[in-house]
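Asker: below are the sequence and a predicted model for it; my questions follow.
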Amino acid sequence: MAGFRICGGEKIEGTLRVDTAKNAVLPILAASVLPQEDTVLTDCPRLGDVECMRGILRMLGCESCWEGDALRICGGALSQGEMPEELSKRVRSSIFLLGPVLGRLRMATMAYPGGCEIGLRPIDLHLSALKRMGVRISEEGGMLRCDGRDMHAADIHLDYPSVGATENIIMAAALLPGRTTISNAAREPEIEDLQRYINAMGGHVQGAGSPLIVIEGVSRLHGVTYQPMPDRIATGTYLCAAAITGGQIELTNARPRDLTAVLDKLRAMGCVIAEGEQVLYLSAPERLQSFDALQTQPHPGFPTDMQSQMLALACVCRGASVIEEKVFENRFAIAGDLCRMGANIRVTGRAALIQGVERLHGAHVAAHDLRGGAALVLAALAASGETLVEDVHLIDRGYERMEEKLTALGAKIARV
Ligand code: EPZ
């Protein structure tokens, strides 16, 4: 497996354009099976997860092809709703296809998606919502068989504001006659982007970004050319790269309003941040100050996908910090690797107590998950000496050519 070799100690300085958001593109790719015609996603990122989703769409009869930086999906060609077991187990995003395939074909079969390094990733909220909509679901040998021939609009309350469940219900209801409502819906910006995409195809979705979403089903959706939103987590990750190395960075194609909780913490740590309509500028102090305490929550709270990156920053700041991971049950996997780099971290259950140290030193570490891998790269940028981060294919799932971007910003990093 590929790795990154990083020589730490260089300041991150320069300008970077933020890529389109992975977590907006994945549900939008799933929703592309709803219209009878092609859709084109402009400036689509070339990510591992995007390629996996293309593989599943292909199995369902929907070819897709690159047209420069745009991806064309032939969603109208959807011919069957059986998702292959090996693929749907391997790719968690396959769960996003349950709603739209049911919405289009009223039948869907997929394997129970596996858990991953950050938690069990149950789908009970997805399934109970679909059952509320009249879908009959049977489980045979790890396969979910969904019969939606009697599907109907419904009022759904989510016990927890699950991002994926909210997106699945929107996509299942987009072509369903009547009015479906979701209360206690997730409020992530990617859900507003999915709403914009479906409405651009002729759908009627309202309320995304608030806890109450209303979907008026329509009889058909037409194709569209659509530019998904910029990646707020990639934005936060590259801000942290400048912050941890005492550097400065300008990010274009950014949307500051998507990551106010992150900007708030970085300012508390001593970073000077200027915000424009589509630009962010951060200048870091020589050494960061502790943010004291941080708790991850559903949006607009602090995003769990930025927790690992803040853990890395806490390792080298002045003072002690506490991080509580309230969204996933196992998202401190990299604490061990960071300690091997000289960090002082104590994890008890869903909380981590970090005592900042002057300097980390290089070590041989490995990514366990996408965001944890990115956080290890951040730590390596600030560490003295050389670090080898293994299993960077996990990083490639959500960050396009990270090593090239960081090299252009002054880092000494190479893919090996
Ligand atoms: C989305 O995952 C993101 N993935 C995750 O990003 C992100 O961490 C997460 O939302 C939270 O913001 C994509 O958008 C592709 P959830 P999702 O359903 O939809 C529990 C990354 O690094 N839950 O909001 O799976 C679940 O176990 C990834 O880009 C249930 O209990 O997140 C978790 O504890 C990682 N039952 C919590 O809710 C369910 O049926 C949040 O899950 C569904 C979820």
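Answerer: All right, it came through fine. The structure displayed is predicted, hence computed values, not measured ones. Residues are numbered from 1 along each chain as shown.
Asker: up against the ligand, what does the stretch 51-200 of the chain have?
Answerer: In this structure, the stretch 51-200 of the chain approaches the ligand at residues 93, 119, 121-126, 160, 162-165, 186, judged by C-beta under 6 Å from any ligand atom. Just so you know, the C-beta spots here come from the backbone N, C-alpha and C atoms, and that holds for glycine as well.
Asker: which of those lies closest to residue 144?
Answerer: Of all those, the one sitting nearest residue 144 is residue 123; the distance, using C-beta to C-beta, is 8.5 Å.
Asker: what segments of the stretch 51-200 of the chain are strands?
Answerer: Under the criterion DSSP state E, counting those that start in this stretch, strands of the stretch 51-200 of the chain are mapped to 64-67, 70-73, 107-111, 136-140, 143-147, 155-157, 179-183.
Asker: mind listing what the nearest residue to residue 386 once chain neighbours are set aside touches?
Answerer: The shortest distance from residue 386 to any non-neighbouring residue, by C-beta to C-beta, 6 or more residues apart in numbering, is to residue 362 (4.5 Å). With contact taken as C-beta atoms under 8 Å, 6 or more residues apart in numbering, residue 362 is in contact with 6, 7, 8, 341, 380, 383, 384, 385, 386, 387, 388.
Asker: what residues are bridge-paired with the last one?
Answerer: I take that to be residue 388. residue 5, residue 364 (DSSP bridges).
Asker: pLDDT score for it?
Answerer: pLDDT, the model's per-residue confidence, is 98 for residue 388.
Asker: how near is it to the ligand?
Answerer: According to C-beta to the nearest ligand atom, to the nearest Å, residue 388 stands 23 Å off from the ligand.
Asker: that residue: how many residues sit nearby?
Answerer: 16 (other C-beta atoms under 10 Å).
Asker: could you do the second one as well?
Answerer: Here the count is done by other C-beta under 10 Å, and residue 7 has 17 residues near it.
Asker: kindly report the same for the fifth one.
Answerer: Around residue 380 sit 28 other residues, with neighbours defined as other C-beta under 10 Å.
Asker: ok, back up a step: got the residues of the stretch 51-200 of the chain next to the ligand as JSON lines, with pLDDT, distance to residue 238 and neighbour count columns?
Answerer: Conversion of these to JSON lines gives the following (pLDDT from 0 to 100; distance: C-beta to C-beta, whole Å; neighbours: other C-beta atoms under 10 Å):
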{"residue": "93", "pLDDT": "80", "distance to residue 238": "23", "neighbour count": "21"}
{"residue": "119", "pLDDT": "80", "distance to residue 238": "26", "neighbour count": "15"}
{"residue": "121", "pLDDT": "80", "distance to residue 238": "27", "neighbour count": "15"}
{"residue": "122", "pLDDT": "89", "distance to residue 238": "32", "neighbour count": "12"}
{"residue": "123", "pLDDT": "93", "distance to residue 238": "32", "neighbour count": "20"}
{"residue": "124", "pLDDT": "94", "distance to residue 238": "35", "neighbour count": "11"}
{"residue": "125", "pLDDT": "96", "distance to residue 238": "32", "neighbour count": "19"}
{"residue": "126", "pLDDT": "96", "distance to residue 238": "32", "neighbour count": "25"}
{"residue": "160", "pLDDT": "97", "distance to residue 238": "30", "neighbour count": "11"}
{"residue": "162", "pLDDT": "98", "distance to residue 238": "28", "neighbour count": "21"}
{"residue": "163", "pLDDT": "97", "distance to residue 238": "22", "neighbour count": "19"}
{"residue": "164", "pLDDT": "97", "distance to residue 238": "25", "neighbour count": "22"}
{"residue": "165", "pLDDT": "98", "distance to residue 238": "30", "neighbour count": "26"}
{"residue": "186", "pLDDT": "98", "distance to residue 238": "25", "neighbour count": "22"}
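Asker: narrow those to those in helices?
Answerer: 124, 125, 126, 163, 164, 165 (DSSP state H).
Asker: adding distance to residue 286 as columns, could you present the residues you listed in CSV?
Answerer: Formatted as CSV, these follow (distance: C-beta to C-beta, whole Å):
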residue, distance to residue 286
124, 48
125, 45
126, 47
163, 37
164, 41
165, 44
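Asker: which among the residues you listed gets closest to residue 413?
Answerer: residue 163 (30.8 Å).
Asker: surely that closest one meets residue 191?
Answerer: Yes. Using C-beta atoms under 8 Å, residue 163 is in contact with residue 191, at 6.8 Å.
Asker: residue 311 is in contact with residue 338, correct?
Answerer: Yes. Residue 338 sits in contact with residue 311 when judged by C-beta under 8 Å, with a separation of 7.0 Å.
Asker: overlap in contacts of these two?
Answerer: 345, 375.
Asker: Serialize the strands of the stretch 51-200 of the chain to TSV and add fields for distance to residue 392.
Answerer: Conversion of the strands of the stretch 51-200 of the chain to TSV gives the following (distance: least, C-beta to C-beta, whole Å):
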stretch	distance to residue 392
strand 64-67	23
strand 70-73	23
strand 107-111	27
strand 136-140	35
strand 143-147	32
strand 155-157	39
strand 179-183	37
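Asker: thank you, goodbye.
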